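S.K.: all I have is the shape, not the residue letters:
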């Protein structure tokens with residue numbers, strides 16, 4: 001299970017919406033790809049990783065926010081948001097923008113529908129960090145980064161921080 005290179009801000013794949021994934025067409029390769037994604041996310045100390053973040057335009061993401069310190073791996077294939085409620089204004093970061101964090105308003109509760117790693121359709125609900133992770137990873141699949149949701153002045157400040165950090169990136 002090799003650790004994949006994480007794409008960084010400015011790479012085209014991060015700004016491109018992913019087409020729906022044909023589960024049958026990828027089911028044979030999916031276990032190996034998911035192992036790579038889990039290993040990459042763990043090595044980067046993330047709680048979520050979308051396929052575009054490893055350079056693949058696939059509508060696929062993995063999440064593990066480790067509730068109560070226990071791993072609870074979630075695979076999302078072709079996810080869609082069913083409902084959003086409440087409001088949460090917390091700091092958010094992204095593995096594709098290493099070391100850059102900013103407060104962002106998201107919904108406090110989210111319900112999503114997606115296929116799991118076995119191709120079974122599921123509806124999942126999350127609150128707090130899990131709700132934020134659902135929204136964040138689905139944004140990636142839609143070609144958006146969290147900074148795209150910031151007010152203009154905040155986005156400028158974050159982009160300045162990105163420019164400062166960029167020389168140290170791999």
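M.R.: Done, it's in. All figures in this text were calculated on a predicted structure; none of them were measured in a lab.
S.K.: all contacts plus neighbour counts: C-alpha atoms, from now on.
M.R.: Noted.
S.K.: which residues sit against the helix or strand bottoming out on mean pLDDT in the chain?
M.R.: When the helices and strands of the chain are compared on mean pLDDT, DSSP states H and E, helix 152-165 comes out lowest with a mean of 81. Helix 152-165 is contacted by residues 97, 98, 99, 100, 101, 102, 147, 148 when judged by Cα atoms under 8 Å, 6 or more residues apart in numbering.
S.K.: state the helix or strand in which the fifth one lies.
M.R.: Under the criterion DSSP states H and E, the helix or strand holding residue 101 is strand 97-106.
S.K.: where does residue 69 land on pLDDT?
M.R.: Note for residue 69: predicted pLDDT of 83.
S.K.: can you get me a residue count around it?
M.R.: Residue 69 has 7 neighbouring residues, counting by other Cα atoms under 10 Å.
S.K.: distance of it from residue 63?
M.R.: Residue 69 sits at a distance of 14 Å from residue 63 (criterion: Cα to Cα, to the nearest Å).
S.K.: where in the chain is pLDDT low?
M.R.: By pLDDT under 70, the weakly predicted segments of the chain are 1, 165-170.
S.K.: which residue ranges of it form strands?
M.R.: Using DSSP state E, the strands found in the chain span residues 48-50, 60-63, 74-85, 88-94, 97-106, 109-115, 121-127.
S.K.: list the buried residues of the last one.
M.R.: What it means is strand 121-127. 124, 125, 126, 127 (16 or more other Cα atoms under 10 Å).
S.K.: can you state the direction angle for the strand holding residue 101 and strand 88-94?
M.R.: 160 degrees (axes from the mean of the first three to the mean of the last three Cα atoms, to 10 degrees).
S.K.: sorry, back to before: now the strands of the chain as CSV including distance to residue 38?
M.R.: Converted to CSV, the strands of the chain look like this (distance: least, Cα to Cα, whole Å):
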stretch, distance to residue 38
strand 48-50, 8
strand 60-63, 7
strand 74-85, 10
strand 88-94, 16
strand 97-106, 18
strand 109-115, 17
strand 121-127, 19
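S.K.: highest average neighbour count across those strands?
M.R.: strand 48-50 (a mean of 27; mean count of other Cα atoms under 10 Å).
S.K.: other SSEs contacting that strand?
M.R.: helix 30-43, strand 60-63, helix 129-141 (3 or more Cα pairs under 8 Å, 6 or more residues apart in numbering; DSSP states H and E).
S.K.: so for residue 116, which of these sits nearest?
M.R.: Closest of the helices and strands packed on strand 48-50 to residue 116 is strand 60-63, at 9.6 Å (criterion: Cα to Cα).
S.K.: who does the closest one pair up with?
M.R.: strand 48-50 (antiparallel), strand 74-85 (antiparallel) (DSSP bridges).
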